[in-house]
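Dropping the sequence and predicted coords here.
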Amino acid sequence: MITFITCLAILIIGYFAYGTYVSKSVKLDDLNTTPAVKLEDGVDYMPMPWHKVFLIQFLNIAGTGPIFGAIMGALFGPVAFLWITFGTIFAGGVHDFFSGVISMKHDGTSVSEIVGIYLGDSMKNVMRVFSVILLILVGTVFVTSPAGLLTSMTGIDKTIWVVLIIVYYIVATVLPVDKVIGKIYPIFGASLLFMAIGLAGAMIVGHFNGSMVMPEMTLQNLHPSGLSVFPFLFTTIACGALSGFHATQSPMMARCINRESESKRVFYGAMVVEGIVALIWCAVTIAFFGESGAIQAALDSFGGQSGVVGMISKELLGPIGAVLAVLGVVACPITSGDTAFRSARLTIADAFNIKQEGLLSRFKLAIPLFVVCIFLTTIDFNIIWRYFAWSNQTLATIFLWTATVYLLKNKGNHWITLIPATFMSAVCMSYILQAPEGFKLNAQLSNIVGVIFAVVLFGLFMLNINKFKSNTEKESKIS
């Protein structure tokens, strides 16, 4: 329990200490007019109170990510706490802060356009395609998985649930942000927090009355299948530590912030809260089942993470837990799915400079997305979904490199993004080389190549620092 409490304290302190340092690395000035005010259109650009924007951002980036990922991460043992804690503070929080702030500095533009501004047109075009595919994939998964769960709960045909969820997605994608998302997301976000706090309290009580034992930190890999910590832990737990999906979501809230000074609370703060939720679920899973073999057995017996969520919630929180379990495994995925499609619409609109004030123009972009989604729901694409873990972290890595160039050009401390960008470059390359859905190469060879790849990228960046600075100075003189 000391390990859990210590990690929880580090996360909270990290927000106030490192989060403040990161926010001071850019010039945030409330005298600047934010895109929400400057470009207010009553649809996507709309100023909202910071607490509402925070809760929407939290649910946008969370969904079931910090729950399902943390449960799978618990298989590695308490060592997973280190990635959740320090990954959130030094990678995830930084990534989310800059994905929101840089977007805000560029009128709320989407992640692919931001990447193009700082890494060039070729990378921008790659990111346009990459991010839209990723968002459609996320959205489709969050159609089929909740539909399947609802079918098992109600006995109603899965096709009916798929149709109902897609209809809701279409409505949420095209309506103004305050009509659906602005009203229900804060409620669901608060409920997700309540669930985590309740479980943490139950775990602490259980620890002291002897019904649950929270083991202390060990660096030993306890995964029952012997899956190595590097690189697999760093892709297994994504949304609870670092996730590229967040870079597609932050620009939506960058269009709703009233004042620049709210950026730390909304972007860095939401990531820290998500890290806390992931830490709680990882700890509760370990304490509840006792050891990794029992966790794996529960996953096999109860239908994966969803079944484990239901079991733990009902056992520890009673009837309230049953309701919250439904929220966690049904409502939260749906709230991630609708914003995935909304973000895809905005990404395409930004790419082709299509105005989104008119309802018809929004439908023209949204309908093709859902046509693809409907097609994907008819096929088994579990193999394709395996690539999400890698592509998600690859997107995060690309954005961290983008933020590094941004900081260099704006005379900020580029090391705060350069270090996690380099580390994640090694993770992503090592993963795809050895993963079953990748090249299936020898693990040791893959890790060596991954590290070399990261070192080469780091070296190229350092060699080009003067070039970046020189270009920045020329741009300053011209302006």
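Right, received. Where do you want to start? It should be emphasised that the depicted structure is a prediction, and the values quoted were computed from it without experimental measurement.

where in the stretch 201-350 of the chain is pLDDT low?
Nowhere does the stretch 201-350 of the chain drop to pLDDT under 70.

how about the helices in it?
Per DSSP state H, counting those that start in this stretch, the stretch 201-350 of the chain carries helices over the ranges 229-236, 245-254, 263, 269-289, 292-301, 305-326, 332-352.

Quickly note the distance from Ala421 to Lys467.
18 Å (CB to CB, to the nearest Å). C-beta here means a position set from N, CA and C on the backbone, and glycine is covered the same way.

who's more crowded, these two?
With neighbours defined as other CB atoms under 10 Å, Ala421 and Lys467 compare such that Ala421 has more, 27 against 9.

Next, the buried residues of the helix or strand harbouring that one.
For Ala421, the host element (DSSP states H and E) is helix 415-434. Of all the residues in helix 415-434, those buried under the rule 16 or more other CB atoms under 10 Å are 416-434.

Equivalent analysis for stretch 203-219, please.
203-204, 206-207, 212, 214-215.

and which of those is nearest Leu365?
Met203 (44.9 Å; CB to CB).

The closest one is in contact with Leu316, isn't it?
Yes: with contact defined as CB atoms under 8 Å, Met203 counts as touching Leu316 (7.4 Å).

shared neighbours, these two?
284, 288 (CB atoms under 8 Å, 6 or more residues apart in numbering).

Let me know the pLDDT of Ser446.
What the model reports for Ser446 is a pLDDT of 98.

Now do stretch 55-62, average pLDDT.
90.

and for that stretch, what are the contacting residues?
By CB under 8 Å, 6+ apart, the list of residues contacting stretch 55-62 reads 48, 96, 100, 181-182, 185-186, 188-190, 192-193, 239, 243, 245-246, 249-250, 252-253, 256, 266-267, 270-271, 273-274, 277, 332, 335-336, 339.

got it, and stretch 283-302?
4, 70-71, 74-78, 81, 199-200, 202-203, 206-207, 212-215, 222-225, 305, 307-308, 310-312, 315-316.

For the closest residue to Thr347 other than its chain neighbours, give its distance to Trp50.
Leaving aside its chain neighbours, Thr347 sits nearest to Ser110 (4.4 Å; criterion: CB to CB, 6 or more residues apart in numbering). According to CB to CB, Ser110 stands 22 Å off from Trp50.

In contact with Ala454, which residues are there?
422-423, 425-426, 429.

er, Val94 I mean
Here Val94 is in contact with 22, 268, 400, 403, 416-417, 420 (criterion: CB under 8 Å, 6+ apart).

and what of Lys314?
321-322, 325.

quick one on the thing from earlier: and the contacts of stretch 283-302, which of them are buried?
Looks like those have 4, 70-71, 74-78, 81, 199-200, 202-203, 206-207, 212, 214-215, 222-223, 305, 307-308, 310-312, 316 buried, using 16+ other CB under 10 Å.

Now do the helix or strand that contains Val129 and helix 305-326, the angle between them.
Using DSSP H and E, Val129 sits within helix 121-154. Interaxial angle of helix 121-154 relative to helix 305-326 (axes from the mean of the first three to the mean of the last three CA atoms, to 10 degrees): 70 degrees.

What residues of helix 121-154 count as buried?
So for helix 121-154, counting by 16+ other CB under 10 Å, buried means 123-124, 126-128, 130-132, 134-147, 149-151.

hmm, who's touching the helix or strand just after it?
Sequence order places helix 158-174 as the next helix or strand after helix 121-154, per DSSP H and E. Residues outside helix 158-174 that contact it (CB under 8 Å, 6+ apart) are 139, 143-144, 146-148, 150-151, 180-181, 334, 337-339, 341-342, 345, 359, 362-363, 366-367, 369-370, 373-374, 377.

Buried subset of the residues you listed as a ChimeraX selection?
What follows is the ChimeraX syntax selecting those of the contacts of helix 158-174 that are buried according to 16+ other CB under 10 Å:
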select :139,143,144,146,147,150,151,180,181,334,337,338,339,341,342,345,362,366,369,370,373,377
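
Arg259 - nearest residue in space that isn't next to it in sequence?
Arg259 sits nearest to Asp30 (CB to CB, 6+ apart), 4.6 Å away.

ok, the one you found - contacts?
Asp30 touches 259-261, counting by CB under 8 Å, 6+ apart.

Please report the distance of it from Leu369.
36 Å.

From the contact counts, what lies against the strand or helix carrying Ile187?
According to DSSP H and E, Ile187 maps onto helix 181-209. Judged by 3 or more CB pairs under 8 Å, 6 or more residues apart in numbering; DSSP states H and E, the packing partners of helix 181-209 are helix 50-62, helix 269-289, helix 305-326, helix 332-352.

how far is the third one from where the chain is centred?
Translated: helix 305-326. 23 Å (CA atoms, centre = their mean, to the nearest Å).

what angle sits between that helix and helix 332-352?
100 degrees.

Export the contacts of Ala454 as JSON lines, with columns for pLDDT and distance to Val229.
Shown next, in JSON lines, are the contacts of Ala454 (pLDDT from 0 to 100; distance: CB to CB, whole Å):
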{"residue": "Thr422", "pLDDT": "98", "distance to Val229": "18"}
{"residue": "Phe423", "pLDDT": "98", "distance to Val229": "14"}
{"residue": "Ser425", "pLDDT": "98", "distance to Val229": "18"}
{"residue": "Ala426", "pLDDT": "98", "distance to Val229": "13"}
{"residue": "Met429", "pLDDT": "98", "distance to Val229": "16"}
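
Can you lay out these as a markdown table showing distance to Leu55?
What follows is the contacts of Ala454, written out as a markdown table (distance: CB to CB, whole Å):
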| residue | distance to Leu55 |
| --- | --- |
| Thr422 | 33 |
| Phe423 | 30 |
| Ser425 | 33 |
| Ala426 | 35 |
| Met429 | 36 |
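
Could you point out which of those residues is nearest to Gly92?
For the contacts of Ala454, the nearest to Gly92 is Phe423 (12.4 Å; CB to CB).

residue contacts, that closest one?
91, 454.

State the distance from it to Phe461.
14 Å.

likewise Thr173?
Taking CB to CB, one finds Thr173 at 37 Å from Phe461.

Compare these two (neighbour count), which wins?
Using other CB under 10 Å, the more surrounded residue of Thr173 and Phe461 is Thr173, with 27 against 18.

State the number of residues packed around Gly290.
Gly290 has 12 nearby residues by other CB under 10 Å.

got it, and the one 3 residues further on?
Neighbours of Gly293 under the rule other CB under 10 Å: 13.

Of the contacts of stretch 55-62, which count as buried by neighbour count?
For the contacts of stretch 55-62, buried by 16+ other CB under 10 Å: 48, 96, 100, 181-182, 185-186, 188-189, 192-193, 239, 243, 245-246, 249-250, 252-253, 256, 266-267, 270-271, 273-274, 277, 332, 335-336, 339.

Surely Gly244 touches Phe388?
No: Gly244 lies out of contact with Phe388 (CB under 8 Å); the separation is 10.0 Å.

Looking at those two, which is more packed in?
Shown here are Gly244 and Phe388; by other CB under 10 Å, Gly244 has more neighbours (25 against 17).

Not counting its neighbours along the chain, what's nearest the more buried one?
Excluding the flanking residues, the one nearest Gly244 by CB to CB, 6+ apart is Leu395, at 2.7 Å.

Just the element for the one you found, please.
helix 382-409.

Now do the contacts for the nearest residue to Ala80 once chain neighbours are set aside.
Once flanking residues are discounted, Ala80 sits nearest to Gly73: 4.0 Å by CB to CB, 6+ apart. By CB under 8 Å, 6+ apart, the contact set of Gly73 is 80, 83-84, 233, 236-237, 240, 278, 282.
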